[in-house]
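Engineer: Structure for this input, please:
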Amino acid sequence: MKRPTQSDVARLAGVSRATVSYVVSGSSDVPISAETRERVLKAVSQLNYAPDARAQSLRSGDSNTVGLLIPDLHNPHYWSIVQGVEETVREQGYDLLLTSTSLDPEREAQTLAALSSRRMDALILTLSFLEKSKTALTRLAANGYPVVTLSNTSFNVDAVVATYRTATAQIMAHLLGLGHTRIGFIFGVGSKELATNRMAVYQESLTGAGLAIDPDLIDYSGPRIEDGYNAAQRLLARAPRPTALLVINDWLAIGALRAVGENGLRVPEDISIASFDDTEMAAYLNPPLTSVRSNGHELGRQAASLVLERIQKPGLPIRRVQIEAELVIRQSTGRERSPL
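Structural biologist: As a prediction, the model looks like this:
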């Protein structure tokens, strides 16, 4: 069967071959609309097109480079993943090419398309906007490229995931056991399809304790540190205010801590704060932060191990590795004291 070319993709998408080249390479030299980019990526998926350089590199395995995509260069959780990946690939003689999407859906799709066309042996992907990226990832999977995703198992590729259900139930039981009945949730994620398991357990725990789920106590903030600050300000303005805040990650919890202090409140005397990830800084905040440890370093090492094995043994069945998150209790959570 004749291998599809960029010209074939261009005809199907109704664009020029040059436009296809710009989209596939991820070039930012020429402005291309989101609608045009989406048409090109859809045509790429339909035709099962793969750039020659990329395909040759993956078949020969001669680049000695693994690509890693993370959503945010600021969040220390992702740096833990980077460290785990880098240590593992370097142990096996590979270099690491790191790129970030800056929590931008268009950039994520563009960056994934660009990585797909580079001469690399494998990709490790932490995706936030699955709808935007699924075309390129589906194409990679269909071509048998060595790919591992972190925190997602909806594609036919190897995956490493942190499982939060048990630990989220534990952190909710911890807060409820301290007498908190008004627990605010700062749910700051790049896409609402992420972390839904934690939201589900939060709601199940409240219901199981005989408490109503109050939509006013759930703040769907953005994923940046300032979003955590703004979300906490909004929740603290509620009457009555929450007596505890559950924050989707340590990064946003830093913003929440500042908001609490600016409102003249003390942690944990006046309000408790707990979060997820247990990054290295959590133990050094004032007060030290109660957090669910997601073991980012181990996630990275496991992802790198899977993808390196996939390079050597492409015929292996799809693997799913789960790493159980665990609750670490510190001084940021205390007994409920009714707000004034």
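
Engineer: the bottom helix or strand of this protein by mean pLDDT?
Structural biologist: Every helix and strand in the chain was compared by mean pLDDT, DSSP states H and E; the lowest is helix 52-60, with a mean of 47.

Engineer: Tell me where the stretch 151-300 of the chain is predicted with low confidence.
Structural biologist: Low-confidence segments of the stretch 151-300 of the chain, defined by pLDDT under 70: 153.

Engineer: Repeat the analysis, applying 90 as the threshold.
Structural biologist: For the stretch 151-300 of the chain, applying pLDDT under 90 flags the ranges 151-157, 189-196, 222.

Engineer: Let me see the ranges of the helices in it.
Structural biologist: 165-177, 196-208, 225-236, 250-262, 296-312 (DSSP state H, counting those that start in this stretch).

Engineer: Counting by contacts, list what the second one packs against.
Structural biologist: Secondary-structure packing of helix 196-208 (3 or more C-beta pairs under 8 Å, 6 or more residues apart in numbering; DSSP states H and E): helix 165-177, strand 183-186. C-betas here are computed from N, CA, C, even on glycine.

Engineer: one more time with 10 Å, if that's ok
Structural biologist: Helix 196-208 is packed against helix 165-177, strand 183-186, strand 218-219, strand 244-247, with contacts defined by 3 or more C-beta pairs under 10 Å, 6 or more residues apart in numbering; DSSP states H and E.

Engineer: picking up where we left off before, nearest to Thr36, out of the helices of the stretch 151-300 of the chain?
Structural biologist: Nearest to Thr36, of all the helices of the stretch 151-300 of the chain, is helix 225-236, at 30.6 Å by C-beta to C-beta.

Engineer: buried ones in the closest one?
Structural biologist: Buried residues in helix 225-236, counting neighbours by 16 or more other C-beta atoms under 10 Å, are found at Ile225, Asp227, Gly228, Tyr229, Asn230, Ala231, Ala232, Gln233, Leu235, Leu236.

Engineer: Who are the contact partners of the fifth one?
Structural biologist: Spelled out, that is Asn230. Ile186, Gly188, Asp219, Ser221, Gly222, Arg224, Leu252, Gly255, Ala256, Ala259 (C-beta atoms under 10 Å, 6 or more residues apart in numbering).

Engineer: Show the buried residues in those residues.
Structural biologist: Ile186, Gly188, Asp219, Ser221, Arg224, Leu252, Gly255, Ala256, Ala259.

Engineer: Please name the bridge partners of the third one.
Structural biologist: Under the criterion DSSP bridges, Asp219 forms beta bridges with Ile186.

Engineer: residues touching it, list them.
Structural biologist: 184-188, 227-228, 230-235, 238, 245, 247.

Engineer: Out of the residues you listed, the closest to Gln312 would be?
Structural biologist: Closest to Gln312, out of all of the contacts of Asp219 and judged by C-beta to C-beta, is Gly188, at 39.0 Å.

Engineer: can I assume the closest one is in contact with Val247?
Structural biologist: Yes - between Gly188 and Val247 there is a contact at 7.7 Å, judged by C-beta atoms under 10 Å.

Engineer: Quick check: neighbours shared by these two?
Structural biologist: Asp219, Ser221, Gly228, Ala231, Ala253, Gly255, Ala256.

Engineer: Nearest to Gly264 among those residues?
Structural biologist: The closest of the shared contacts of Gly188 and Val247 to Gly264 turns out to be Ala256 (C-beta to C-beta; 14.9 Å).
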